[in-house]
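Enquirer: Please find the sequence and the predicted model below.
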Amino acid sequence: MSHTPPESTPLLSPELLVRAYCAGAFPMARQRDGQGGIDWFSPDPRAILPLDDGFKVRRSLAKRVRQQPFKITHNLCFTRVIAACAEPRADSEETWISGEIVAAFTALHRVGLAHSIEAWEGGPQHGELVGGLYGVALGAAFFGESMFSRRPNASQLCLVNLVDHLRLRGYTLLDVQFVNPHLEQFGVTEIPRAQYMRRLRAALARETQWDGNADV
């Protein structure tokens, strides 16, 4: 479900984003160049990834996890990750991540509520950033926003790392918004919005701490 805010709606801010996520909504720009404004979505049903044994890792990917082909870091270069996620994909010239979206989530990252996970080939000091994802953490809920990959399995390894981290830190909800073929292999499920809101309220009432690395 999409809602178009009135023209007088202020620019995105960390405060506005937090209110929206707590109400079960999230923003998407209509065009990458910012033309056309931003829509707000609260889909019914809502897609989530399980944080229990329902999260599936295929055998070949589990093998790659054990091989550790990339160095995985947290919050080391949030701005580079979101910029990479905003780049047009091979199957689409447009993305929903506009300059306003980038600025708003970067501001949210600076106050400790948006996080990135990065995959490095050769390590972060002298290597290449080859994959990553970012999202928002509030209470015991994590809202996955986008991911990118420049090497096979790079973004998937970041997702497996994210789930391991959320489990370790006591998170109870991993919201991924919509079902897509990439997420189906991991056991993504859809639940009615009313059920999602109950789970969201319970997650927001819990206290957790991301405890990642400092941004540089």
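Expert: Alright, I've got the coordinates. Numbers count the residues shown, from 1 in each chain.

Enquirer: What pairs with the biggest strand by length in the chain, parallel or antiparallel?
Expert: Counting residues, the longest strand found in the chain (DSSP state E) is strand 128-138. Using DSSP bridges, the strands paired with strand 128-138 are strand 114-121 (antiparallel), strand 141-149 (antiparallel).

Enquirer: Would you mind identifying the next helix or strand past the longest one?
Expert: Downstream of strand 141-149, the next assigned helix or strand under DSSP states H and E is helix 154-169.

Enquirer: My reading is that residue 190 lies in a strand. Confirm?
Expert: Yes. Residue 190 forms part of a strand when assessed by DSSP: H, G, I helix; E, B strand; the rest coil.

Enquirer: who are the neighbours in contact with the closest residue to it other than its chain neighbours?
Expert: Spatial nearest neighbour of residue 190, chain neighbours left out: residue 45 (3.8 Å); criterion: CB to CB, 6 or more residues apart in numbering. In this view, the C-beta of every residue, glycine as well, is placed from N, C-alpha and C. The contact partners of residue 45, by CB atoms under 8 Å, 6 or more residues apart in numbering, come to 190, 191, 192, 193, 196.

Enquirer: Throw together a PyMOL command that grabs the buried residues out of those residues.
Expert: To isolate the buried members of the contacts of residue 45 in PyMOL, using 16 or more other CB atoms under 10 Å:
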select buried, resi 193+196
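
Enquirer: and the contacts of residue 45 as a markdown table, adding pLDDT and distance to residue 152?
Expert: Below are the contacts of residue 45 laid out as a markdown table (pLDDT from 0 to 100; distance: CB to CB, whole Å):
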| residue | pLDDT | distance to residue 152 |
| --- | --- | --- |
| 190 | 97 | 28 |
| 191 | 97 | 31 |
| 192 | 98 | 35 |
| 193 | 97 | 35 |
| 196 | 98 | 32 |
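
Enquirer: would you list the contacts of residue 45 in CSV and tack on distance to residue 117?
Expert: Formatted as CSV, the contacts of residue 45 follow (distance: CB to CB, whole Å):
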residue, distance to residue 117
190, 24
191, 24
192, 29
193, 27
196, 23
